[in-house]
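K.L.:
task: produce atomic coordinates for the following.
(one chain, ligands or ions: 1)
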Amino acid sequence: MFNRRKFITNATLGTVAVGTGLIACQPSEKAPVQKKNPNSKEGFPIVIATWKPNTKATEAAWQTLENGGTALDAVEAGAKVPEADPNDTSVGYGGAPDRDGFVTLDACIMDKDGNAGSVTFLQGIKHPISVARLVMEKTPHVMLSGDGALQFALENGFQTEDLLTENAKKAWEKWLETNKYEPKANINQHDTIGILAIDKNGDIAGACTTSGMAYKLHGRIGDSPIIGAGMYVDNEVGGACATGVGELVMKTLGSFLIVELMRQGMTPQEACEEATARIAKRYGDTLPEGTQVGYLAINKKGEHGAFSLVKGFNYALYQMGGENLSLDADALKS
Ligand code: SD4
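P.N.:
Below is the predicted model:
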């Protein structure tokens, strides 16, 4: 269980930071010391992605930026890496199936102009993030789902393929032996990618793509394709993305919340902590041990934040003047 005192303290600190942002115009007030992530520095280009194995994704995104691509190109290129990786059991090809053995994919993308595209419950297409981008760029809509999303993908030149690998099938068959419907997104089932980038022009984009919770109910959609839940970008302020138990992120609209908190004056770190504290405050007492949600955020200056409900969340960071790093995030509960 979560320590209520600790998360109330965190939440209060957040509120103070917002408040001081508002009263900063009073000349007698000292400038507030805002809490920063110890690994955070200013500057862009920057690419940040959930989970350490996604250093391969930040590498691809960085190369895209170096070759003159935009932040949007970079997050798409980054997201495609785990989508194609059979060893990533949370995304695309090789992703764990649902309870009935179907690999169903969710993804979303957002650009500097506030345009957004999303696909949910898409089957048989290896790169849902690219379909989401086409939804954004070629249709007047934001979200396509299921058969409609598949039809749209096929009409736009995508090919279907079997995304259930032998390994994923074997693991599912083993799970069926006990057939317990117990979705967890902490110990071994992560690597869903949320990725944010700022390009050399200072423009921000974000993407998020997943096969969702392993052995979920057929038809279940998580936070990852929901604009404002799994990912959100506002080019005036910053961006945020999420991983972990999507239901908690959806119920608190975590990524949108983080961007709005940054708009009110919080650092990315403070905003991630406040969004995490909100989940713990509302649902903490009811959550099974090990329930995980992890957040990443960047602001317009290229500072970043990272925080999670329980220890174990990590991320990949590639920033101007530095190398491709994998880093551990702090958590509410160790
Ligand atoms: C979901 N948030 O579908 C995703 C799962 C996840 O790492 O992030 N796994 O709820």
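
K.L.:
drop to CA atoms for contacts and neighbour counts, all remaining ones
P.N.:
Fine.

K.L.:
residue numbers of the stretch 151-300 of the chain in contact with the ligand?
P.N.:
Counting by Cα under 6 Å from any ligand atom, the stretch 151-300 of the chain comes close to the ligand at 185, 190-192, 212-213, 222-224, 243-246.

K.L.:
now do the contacts for Leu163.
P.N.:
Contacts for Leu163 were tallied using Cα atoms under 8 Å, 6 or more residues apart in numbering; they are 92-95, 103, 124-126.

K.L.:
which one of these is nearest the ligand?
P.N.:
Comparing those against the ligand with Cα to the nearest ligand atom picks out Gly95 as the nearest, at 10.4 Å.

K.L.:
so what's that closest one closest to, chain neighbours aside?
P.N.:
Thr89 (4.0 Å; Cα to Cα, 6 or more residues apart in numbering).

K.L.:
against Gln63, how distant is Asp100?
P.N.:
Asp100 sits 38 Å away from Gln63, going by Cα to Cα, to the nearest Å.

K.L.:
go on, Asp191?
P.N.:
Distance from Asp191 to Gln63, by Cα to Cα: 21 Å.

K.L.:
the two - which one has more neighbours?
P.N.:
Asp191 (27 against 15; other Cα atoms under 10 Å).

K.L.:
what are the ranges of the strands in the stretch 201-334 of the chain?
P.N.:
Per DSSP state E, counting those that start in this stretch, the stretch 201-334 of the chain carries strands over the ranges 204-210, 231-234, 238-244, 293-299, 304-310, 314-319, 324-328, 330-333.

K.L.:
where in the stretch 101-250 of the chain is pLDDT low?
P.N.:
Residue ranges of the stretch 101-250 of the chain with pLDDT under 70: 180-190.

K.L.:
mind redoing it with 50?
P.N.:
186-187 (pLDDT under 50).

K.L.:
what about the helices in it?
P.N.:
128-138, 146-155, 166-178, 246-252 (DSSP state H, counting those that start in this stretch).

K.L.:
give the buried residues for the second one.
P.N.:
In terms of neighbour count (16 or more other Cα atoms under 10 Å), helix 146-155 has its buried residues at 146, 149-150, 152-153.

K.L.:
show me what contacts the nearest residue to Gly43 once chain neighbours are set aside?
P.N.:
Excluding the flanking residues, the one nearest Gly43 by Cα to Cα, 6+ apart is Gly302, at 4.8 Å. Contacts for Gly302 (Cα under 8 Å, 6+ apart) come out as 41-46, 198.

K.L.:
thinking again about what came up before, could you look over the helices of the stretch 101-250 of the chain and pick the most buried one?
P.N.:
helix 128-138 (a mean of 24; mean count of other Cα atoms under 10 Å).

K.L.:
quick one, it and strand 204-210 angle?
P.N.:
Interaxial angle, helix 128-138 versus strand 204-210 (axes from the mean of the first three to the mean of the last three Cα atoms, to 10 degrees): 130 degrees.

K.L.:
roughly how far out does helix 128-138 sit from the chain middle?
P.N.:
The chain centre lies 17 Å from the centre of helix 128-138; the measure is Cα atoms, centre = their mean, to the nearest Å.

K.L.:
which helices and strands does that helix pack with?
P.N.:
helix 71-84, strand 105-110, strand 116-122, strand 143-145, strand 204-210 (3 or more Cα pairs under 8 Å, 6 or more residues apart in numbering; DSSP states H and E).

K.L.:
in TSV, list these along with mean neighbour count and distance to Thr252.
P.N.:
Shown next, in TSV, are the helices and strands packed on helix 128-138 (neighbours: other Cα atoms under 10 Å; distance: least, Cα to Cα, whole Å):
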stretch	mean neighbour count	distance to Thr252
helix 71-84	28	24
strand 105-110	34	18
strand 116-122	28	19
strand 143-145	20	20
strand 204-210	34	17
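
K.L.:
count of neighbours near Thr139?
P.N.:
The number of residues packed near Thr139 is 13, by other Cα under 10 Å.

K.L.:
any idea how far Thr160 is from Thr243?
P.N.:
Taking Cα to Cα, one finds Thr243 at 27 Å from Thr160.

K.L.:
which of these two has more residues huddled nearby?
P.N.:
Taking neighbours as other Cα under 10 Å, Thr243 and Thr160 compare with Thr243 leading, 32 against 13.

K.L.:
could you count how many residues lie near the nearest residue to the more buried one once chain neighbours are set aside?
P.N.:
Spatially, and ignoring its direct neighbours in sequence, Thr243 is nearest to Gly294 (5.2 Å; Cα to Cα, 6+ apart). The number of residues packed near Gly294 is 31, by other Cα under 10 Å.

K.L.:
correct me if wrong: Gly294 contacts Ala240.
P.N.:
No: under the criterion of Cα atoms under 8 Å, Gly294 makes no contact with Ala240, lying 10.6 Å away.

K.L.:
quick one on the thing from earlier: which of the contacts of Gly302 fall in strands?
P.N.:
46, 198 (DSSP state E).

K.L.:
are any of the contacts of Gly302 buried, and which?
P.N.:
Buried among the contacts of Gly302 by 16+ other Cα under 10 Å: 43-46, 198.

K.L.:
got the contact list for Ile258?
P.N.:
239-240, 268, 271-272, 274-275, 297.
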